[in-house]
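how does the following fold in three dimensions:
(2 chains)
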Protein chains: 2
Amino acid sequence: MVKNNHFKDNRRQLDRLLRSAPLPADGSRMAELIGYAHTLTRLENTVVVISDMQRGESRIIAGGFGVTLGLTGYDSEDSIWEQRILELMLPEERENKFIAELRFFHFVRHLPKHRKSDYYLECILRFILEDGSNINVMHKMYYVYDDENENVMYAVCQYSPIVSDLKCKSRCVNSLTGETIDLASTDNDGILSGRECRVLSLINDGMKSAEIAERLHISIHTVSRHRQEILSKLKVRNSIEACRLAMVMGLISQ
Amino acid sequence: MVKNNHFKDNRRQLDRLLRSAPLPADGSRMAELIGYAHTLTRLENTVVVISDMQRGESRIIAGGFGVTLGLTGYDSEDSIWEQRILELMLPEERENKFIAELRFFHFVRHLPKHRKSDYYLECILRFILEDGSNINVMHKMYYVYDDENENVMYAVCQYSPIVSDLKCKSRCVNSLTGETIDLASTDNDGILSGRECRVLSLINDGMKSAEIAERLHISIHTVSRHRQEILSKLKVRNSIEACRLAMVMGLISQ
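Okay, here's the model as predicted:
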């Protein structure tokens, strides 16, 4: 059975999701975000990562809290992932971060365009410091969309000390109302329908389409349609990837 | 007896404290902060106020949350106080805001220069909406210092919905460590010494210097020295102002 620990797969997964759309390069927006990050680091000591989805690169602006994390003199990376920051986390925390970001991505992609920018992600992540001790870090992530609100152009991540307890590992915040949604408890229906989850569960159990059709009293054509819909919704290439992703996202059980 | 409700006096008080030092005009810093505010309002829907202490003016950049508060189309004011926003609060909440800011001002002014920028203020303030309903708003305030870290050049205020409960009305946050200090419980000694509080209490009771000297078994010269020190520490012009300020700050009881 596929084990529930596929850091690299998840990363490629989200990478593909986020980088899927071709976007025009826009230097002025990046410059604006970098200016924002510099001011924010001065006001709030935060570590800010700006990921350019189109160019596939990240800029890291480390405020005073970066010294605590051991991030001094850190600047940029040729990846939308802030590799050096990820390496400061325990492996299961990297996994948690990706699952949270996947859930968030799926949460906002179902929102109407004009509502997408109303939400940001908050996670608590455990970091390992140089001396071997652990520290809980507040991770906030914001998507910056293109003018048509179709594609994520940039992701802005912040890392700062925990000031207020979240009472959960990750949540979606509505910045207009302050309402929060515990991402761990988000309804699976938001991503796959109940029937799609059932079909994927049976695929995960090793059943072929004909067997699934018989078990669920549906036509093999309908099973095929569900399969295609699942791949499309999860933006994966095949059933194995779909099963892995669905498991780490808690859509199906192992 | 002086009543504990001196909104205008407190405002003038803090105004004088903040605006006391002559500073060179620096358009580029203001432009940087305005750029920051615009990006922040887009990422987080926040209402941002940037107050220029030297020029005595404020710029208000209202993100989506401004619509909830009724602040659309709002731009600038010829005061370091965001009058229109203050008018949206209940009178006792305006008082709370000023007391919190006074306490914060006194808290940071006792810190070593290189530590001042490590702190910001968080308050919960109750606003009245147009339909008469009330809403709790998170107010965050950051000071921007000159290069010598001596004077507050700008104050950056943010108003946003409450996401996490503070468990207190106002607190100081150390942005390097996440540690918080409940401002309502801050030690009076940070502002006035115990002896100064005692002297001011007796002044507030209507005693003259000679009577205070006799009561405390000190010389009248020492009482005068305490009086001068109190006026200097509270940055007020006379004993009546000192008593009012000390009462609203809870340094002496009524």
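
show me where pLDDT drops low in the stretch 1-150 of chain A?
Applying pLDDT under 70 to the stretch 1-150 of chain A picks out residues A:1-26, A:73-74, A:76-81.

switch the cut-off to 80
A:1-27, A:54, A:56, A:72-83, A:95-96, A:98-99, A:102, A:110, A:149-150 (pLDDT under 80).

please, where are all the strands along it?
For the stretch 1-150 of chain A, the strands defined by DSSP state E, counting those that start in this stretch cover A:47-52, A:57-62, A:76-77, A:119-128, A:134-145.

out of these, which gets nearest to residue A:173?
Closest of the strands of the stretch 1-150 of chain A to residue A:173 is strand A:119-128, at 5.4 Å (criterion: C-beta to C-beta). Bear in mind the C-beta positions are built from the backbone N, C-alpha and C, glycine included.

packing partners of that closest one?
Packing contacts for strand A:119-128, counted by 3 or more C-beta pairs under 8 Å, 6 or more residues apart in numbering or on different chains; DSSP states H and E, involve helix A:91-109, strand A:134-145, strand A:170-174.

quick one: it to strand A:134-145, angle?
Going by axes from the mean of the first three to the mean of the last three C-alpha atoms, to 10 degrees, strand A:119-128 is angled at 150 degrees with respect to strand A:134-145.

let's see strand A:119-128 as PDB, backbone CA atoms only.
C-alpha atoms of strand A:119-128 as PDB (Å, rounded to 0.1, in the frame of the first residue of the first chain):
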ATOM      1  CA  TYR A 119      -8.900  34.700   2.100                       C
ATOM      2  CA  TYR A 120      -5.500  33.900   3.400                       C
ATOM      3  CA  LEU A 121      -4.000  30.900   5.100                       C
ATOM      4  CA  GLU A 122      -2.600  30.600   8.600                       C
ATOM      5  CA  CYS A 123      -0.700  27.500   9.800                       C
ATOM      6  CA  ILE A 124       1.400  26.700  12.800                       C
ATOM      7  CA  LEU A 125       4.600  25.000  11.800                       C
ATOM      8  CA  ARG A 126       7.300  23.500  14.000                       C
ATOM      9  CA  PHE A 127      10.800  24.500  13.200                       C
ATOM     10  CA  ILE A 128      14.100  23.000  14.500                       C
END
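
which parts of chain A sit against chain B?
Contacts of chain A with chain B, taken as C-beta under 8 Å from any C-beta of the partner chain, map to A:32-33, A:35-36, A:39-40, A:42-46, A:64-65, A:68, A:117-118, A:120, A:122, A:138, A:142, A:144, A:156, A:160-166, A:173-180.

surely residue A:230 meets residue A:199?
Yes - here residue A:230 lies in contact with residue A:199, judged by C-beta atoms under 8 Å, at a distance of 6.9 Å.

neighbour count winner among those two?
For residue A:230 and residue A:199, the more surrounded residue by other C-beta atoms under 10 Å in any protein chain shown is residue A:199, and the numbers stand at 28 against 24.

helices or strands up against the host helix or strand of that one?
Using DSSP states H and E, residue A:199 falls within helix A:194-204. Counting contacts by 3+ C-beta pairs under 8 Å, 6+ apart, helix A:194-204 packs against helix A:209-216, helix A:220-234, helix A:239-248.

just name the most buried of the ones you listed.
Stretch with highest mean neighbour count among these: helix A:239-248 (a mean of 20; mean count of other C-beta atoms under 10 Å in any protein chain shown).

quick one: that one to helix A:91-109, angle?
Going by the same axes, to 10 degrees, helix A:239-248 makes 100 degrees with helix A:91-109.

tell me what helix A:239-248 is packed against?
Applying 3+ C-beta pairs under 8 Å, 6+ apart, one finds that helix A:239-248 makes contact with helix A:7-19, helix A:91-109, helix A:194-204, helix A:220-234.

nearest to residue B:210, out of those helices?
Of all the helices and strands packed on helix A:239-248, helix A:91-109 comes closest under C-beta to C-beta, at 68.2 Å.

need the CA coordinates for the closest one. CSV is fine.
Provided in CSV are the C-alpha atoms of helix A:91-109 (Å, rounded to 0.1, in the frame of the first residue of the first chain):
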residue,chain,number,x,y,z
PRO,A,91,9.7,16.4,7.8
GLU,A,92,6.2,15.9,9.0
GLU,A,93,5.8,19.6,9.2
ARG,A,94,6.8,20.1,5.6
GLU,A,95,4.1,17.6,4.8
ASN,A,96,1.6,19.5,7.0
LYS,A,97,2.6,22.7,5.2
PHE,A,98,2.0,21.2,1.7
ILE,A,99,-1.3,19.6,2.7
ALA,A,100,-2.5,23.0,4.2
GLU,A,101,-1.5,24.8,1.0
LEU,A,102,-3.2,22.2,-1.2
ARG,A,103,-6.4,22.4,0.9
PHE,A,104,-6.2,26.2,0.7
PHE,A,105,-5.6,26.1,-3.1
HIS,A,106,-8.6,23.9,-3.5
PHE,A,107,-10.7,26.0,-1.1
VAL,A,108,-10.0,29.3,-3.0
ARG,A,109,-10.3,27.8,-6.5
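
name the residue closest to the centre of chain A, please.
Taking C-alpha atoms, centre = their mean, the centroid of chain A lies closest to residue A:101, which sits 1.6 Å from it.

so that residue makes contact with residue A:141?
Yes - look at residue A:101 against residue A:141 with C-beta under 8 Å: they come within range, at 6.7 Å.

shared neighbours, those two?
Residues touching both residue A:101 and residue A:141 by C-beta atoms under 8 Å, 6 or more residues apart in numbering or on different chains: residue A:121.

what's the domain layout of chain A?
When chain A is parsed with automatic domain parsing, its domains come out as A:7-185, A:188-248.

who wins for proximity to residue B:127 among those?
domain A:7-185 (12.8 Å).

for the stretch 151-254 of chain A, give me the ranges with low pLDDT.
Residue ranges of the stretch 151-254 of chain A with pLDDT under 80: A:165-168, A:183-191, A:232-237, A:241, A:244-245, A:248-251, A:253-254.

right, and the helices and strands packed on helix A:239-248 - which one's nearest residue A:85?
Closest of the helices and strands packed on helix A:239-248 to residue A:85 is helix A:91-109, at 9.6 Å (criterion: C-beta to C-beta).

how close does the closest residue in space to residue A:86 that isn't next to it in sequence sit to residue A:142?
Closest residue to residue A:86 apart from its sequence neighbours, by C-beta to C-beta, 6 or more residues apart in numbering or on different chains: residue A:94 at 5.3 Å. To residue A:142, residue A:94 is 20 Å away according to C-beta to C-beta, to the nearest Å.

looking at those two, which is more packed in?
Shown here are residue A:94 and residue A:142; by other C-beta under 10 Å, residue A:142 has more neighbours (23 against 20).
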